[in-house]
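> coordinates only, sequence not included:
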């Protein structure tokens, strides 16, 4: 019987899943999703290959599990950061900054774009996770229009354009350069949605 990690079977399962997620993220950043196997992931995670199948049926299922976990964590963090922020412009600034903190492993990993190597069913499931985050941005834009901070516009189109801008952006790691990039992104997005406030030069 395999050794149990943690104080219970539940803790063991959660810690094993976290090891697999960390290994997947690291290997994707190094090689790309298409170039790694479940055996590679199991080895990097320090678990037996059969242990992977106790959690995920295949590599795509593991990827979906990872993205589900990361999305849930991100949404909770984003919602907490928006507590007490009532001004739509400041809500949008908060959204932009939280997006900038995300690890862009899926956009920056070597190899083909994930959409080219995943099955249609998996692509549709990945889309469901994007929709969760888009809903928050949609609420912000809609609220801004309602109080006339933003001009009337096609909210769905605006949401897609803003997220396309943010998801494709590489934010530098060096603190000063990172802050400049984030401030510039804030200014660009605020102008793009027609925010009725001056954008400060920092």
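Good, I have the coordinates. What you are looking at is a predicted structure, and each value in this text was computed from that prediction instead of being measured. Numbers count the residues shown, from 1 in each chain.

> how close does residue 189 sit to residue 144?
Counting by CB to CB, to the nearest Å, the gap from residue 189 to residue 144 is 12 Å. For glycine as for every other residue, the C-beta is placed from the backbone atoms N, C-alpha and C.

> any common contacting residues for these two?
Between them, residue 189 and residue 144 have residue 92 as joint contacts when contacts are counted by CB atoms under 8 Å, 6 or more residues apart in numbering.

> Between these two, tell me which one has more neighbours.
When residue 189 and residue 144 are compared on other CB atoms under 10 Å, the one with more neighbours turns out to be residue 144, at 24 against 21.

> can I assume the more buried one is in contact with residue 92?
Yes - Residue 144 lies in contact with residue 92 (CB atoms under 8 Å); the separation is 7.0 Å.

> intersection of neighbour lists for those two?
Once CB under 8 Å, 6+ apart is applied, the residues that residue 144 and residue 92 both contact turn out to be 193, 195.

> host element of residue 121?
When secondary structure is defined by DSSP states H and E, residue 121 falls within helix 120-146.

> Quick one: mean pLDDT over that helix.
When pLDDT is averaged over helix 120-146, the result is 88.

> Work out the gap between the following helix or strand past it and the centre of the chain.
Per DSSP H and E, the first helix or strand lying C-terminal to helix 120-146 is helix 155-167. Taking the mean C-alpha point of helix 155-167 and that of its whole chain, the gap between them comes to 14 Å (CA atoms, centre = their mean, to the nearest Å).

> Now do helix 155-167: which elements does it pack against?
For helix 155-167, the packing partners by 3 or more CB pairs under 8 Å, 6 or more residues apart in numbering; DSSP states H and E come out as helix 88-100, helix 120-146, helix 175-193.

> before we move on, the earlier item: and the helix holding residue 121 with helix 155-167, angle?
Between helix 120-146 and helix 155-167, the angle comes out at 110 degrees (axes from the mean of the first three to the mean of the last three CA atoms, to 10 degrees).

> Give me the distance between helix 120-146 and the centre of its chain.
12 Å.

> List the buried residues in it.
Applying a neighbour-count criterion of 16 or more other CB atoms under 10 Å, one finds 122, 125-126, 129, 133-134, 136-137, 140-141, 143-145 buried in helix 120-146.

> re earlier: just put the helices and strands packed on helix 155-167 in CSV and tack on distance to residue 36.
As requested, the helices and strands packed on helix 155-167 are exported to CSV (distance: least, CB to CB, whole Å):
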stretch, distance to residue 36
helix 88-100, 26
helix 120-146, 16
helix 175-193, 29
